[in-house]
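[1] Prediction below, plus the sequence it came from.
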Amino acid sequence: MGTRNGAAYLPQQLASLSAQDHADWSLWVSDDGSSDATRCQIRAFAETQPNPVLLLPGPQRGLTANYLSLLCHPDLPPGPVAFADQDDLWLPTHLTRGLTALVREPGPGQAYVARRMVLRAGRTPRLIPHRLHRTPGFRNALVECLTPGSGLILDAAATRFARQIGPVKVPFWDWWLYLILTGAEMRILHDTYPGILYRAHASNQLGPRVGSRAALWRVLRLMDGTYRDWVNANLAALEPHIGHLTPKTQTILQPLLPLPPGSRLRALSAYRQWPRDRLALWLAG
């Protein structure tokens, strides 16, 4: 878990971890310079738990650096690793369902993604619609993220692979993991059963995730060039690590690297999940 000034919501999330029906876990927290009661809450939680709870100082270079530095901490156990947001809630079966899915069909490396329900103050939680019109894969990962970090669990092989590459400077850590894992042709397993209550509030880093306001937010990021910059930053970070990709995904990536930003975005637009998003990306290129 990465934290920073999360005291308003953190106690509920910690309580949801304690309520998991899978009891064999340890909590590693990287706190990125909180000035509120976050660290005190974590220490108090640790005193009540039979499970290990470790509180570490974060690098204070933003959310992505906080999570990737924690994932690559030399003392972190080899995996599997489940990621938690400070302001969301885990449903009691989240760990059990994720770990069961990862061992049901062993492979060269896998990531499990829990389905999420959006939680708004004063409203009944509701399912976030699935965005899977196509199978998750490297082409799609080049242009969107289908592995939201709040419900992401990596098996030991995927954890080991991500740690071999190490921390990089990218816009979003969960998008980066989707990119490199599919670049190694590891499997992404999406659960249709909810495991996470995603808390929607004004401080969400990526703005609203569902509804008309979310659609408008995404359109504005396309129009002002922000989305193009994110894609280019991902590719710039990926290029030095091309040797970690499989020969198949290397042949997908290599023709894209010399393209100018606009042409690159138009070329990648075909790999978005939804037709309307594909059209919007092509027009923004």
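    Okay, I see it. Residues are numbered from 1 along each chain as shown.
[2] for this protein, what's the longest strand?
    strand 187-199 (DSSP state E).
[3] just so I have it, where are all the helices in this protein?
    Taking DSSP state H to define them, one finds helices in the chain at 10-18, 38-48, 63-71, 94-104, 138-141, 156-165, 173-183, 212-223, 226-238, 247-253, 261-268, 275-284.
[4] got the contact list for the third one?
    Around helix 63-71, the neighbours that count as contacts under CB atoms under 8 Å, 6 or more residues apart in numbering are 2, 4, 28, 30, 32, 56, 58-60, 76, 81, 83, 149, 159, 162-163, 166-174, 176, 205. C-beta here means a position set from N, CA and C on the backbone, and glycine is covered the same way.
[5] Buried among these? Make that a PyMOL selection.
    Those of those that count as buried under 16 or more other CB atoms under 10 Å are selected in PyMOL with:
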select buried, resi 2+4+28+30+32+58+76+81+83+149+159+162+163+167+168+170+171+172+173+174+176
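[6] contacting residues around Gly2?
    With contact set as CB under 8 Å, 6+ apart, Gly2 has these partners: 29-32, 58, 63, 66-67, 70, 85-86.
[7] Point out where the stretch 101-250 of the chain drops to low pLDDT.
    For the stretch 101-250 of the chain, applying pLDDT under 70 flags the ranges 131, 201-223.
[8] about what we covered before: can you tell me which of the helices of the chain is nearest to Ala121?
    Ala121 lies closest to helix 10-18 among those, at 12.3 Å (CB to CB).
[9] Show me what that closest one is in contact with.
    1, 3, 6, 25, 27, 38, 41-42, 45, 48-49, 84-92.
[10] still on that earlier bit, partner strands of the longest strand of the chain and their direction?
    strand 89-90 (antiparallel), strand 110-119 (parallel) (DSSP bridges).
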